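A.B. asks: With the input below, show me the fold.
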Amino acid sequence: MISRIKDILQGKAGLKEKRSNKWVSVRKDFLNKNNKCAVCGGSKKLEVHHKKPFHQHPELELDENNLITLCESKKNGVTCHLLFGHLGNYKSINNNVEKDVKSWNDKIKNRP
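C.D. replies: Have a look, this model is predicted:
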C-alpha cells in the first residue's frame, strides 16, 4: 500500500491503475535475470522500469520486453532510473529509454 501511494505521488502510476497480483513475482524474476543497471552496471537499489509506462499501457505491465533494470543508487553521482527512465522527473516519459541506455552504457564502458 505504501509503495502504491509513493508511485502515485511520484507520477509513476495513476489513481485508476491497479497492479497485477503477479507483478511482485514478475519483478523479482526479472531482477534475478537482469541484476545490473542497464546504464551504469550497478547492482544496488535496482528498479524495474517499464519502457512504455504502466499507467498508459497496463496490458504491458508483465511483458518482459517492456522492462529494463535501472538503479537509484547514485553510482557515479547519477540516479539512472530518474535521469534515463524519466528524464529527471518521475512524471516524464522517456520514449527513447532503450536507445539512451545503450548509448550511455557504451560511453561509460569506453570512457578514457
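
A.B. asks: where along the chain do the helices fall?
C.D. replies: For the chain, helices defined by DSSP state H occupy the ranges 2-10, 23-33, 80, 86, 97-109.

A.B. asks: got the CA coordinates for the second one in PDB?
C.D. replies: Spelled out, it's helix 23-33. Provided in PDB are the C-alpha atoms of helix 23-33 (Å, rounded to 0.1, in the frame of the first residue of the first chain):
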ATOM      1  CA  TRP A  23       3.700  -8.100 -10.600                       C
ATOM      2  CA  VAL A  24       5.800  -8.900  -7.400                       C
ATOM      3  CA  SER A  25       6.900 -12.300  -8.800                       C
ATOM      4  CA  VAL A  26       7.500 -11.000 -12.300                       C
ATOM      5  CA  ARG A  27       9.600  -8.100 -10.900                       C
ATOM      6  CA  LYS A  28      11.600 -10.500  -8.700                       C
ATOM      7  CA  ASP A  29      12.200 -12.900 -11.600                       C
ATOM      8  CA  PHE A  30      13.200 -10.100 -13.900                       C
ATOM      9  CA  LEU A  31      15.700  -8.700 -11.400                       C
ATOM     10  CA  ASN A  32      17.100 -12.200 -10.900                       C
ATOM     11  CA  LYS A  33      17.800 -12.400 -14.700                       C
END
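
A.B. asks: most centrally placed residue in the chain?
C.D. replies: Centrality entry for the chain: nearest residue to the mean C-alpha point is residue 49, 2.0 Å, by Cα atoms, centre = their mean.

A.B. asks: What separation is there between that one and residue 71?
C.D. replies: With the distance defined as Cβ to Cβ, to the nearest Å, residue 49 ends up 10 Å from residue 71. In this view, the C-beta of every residue, glycine as well, is placed from N, C-alpha and C.

A.B. asks: what sits in contact with each of the two?
C.D. replies: Overlap between the neighbourhoods of residue 49 and residue 71 consists of residue 81, taking contacts as Cβ atoms under 8 Å, 6 or more residues apart in numbering.
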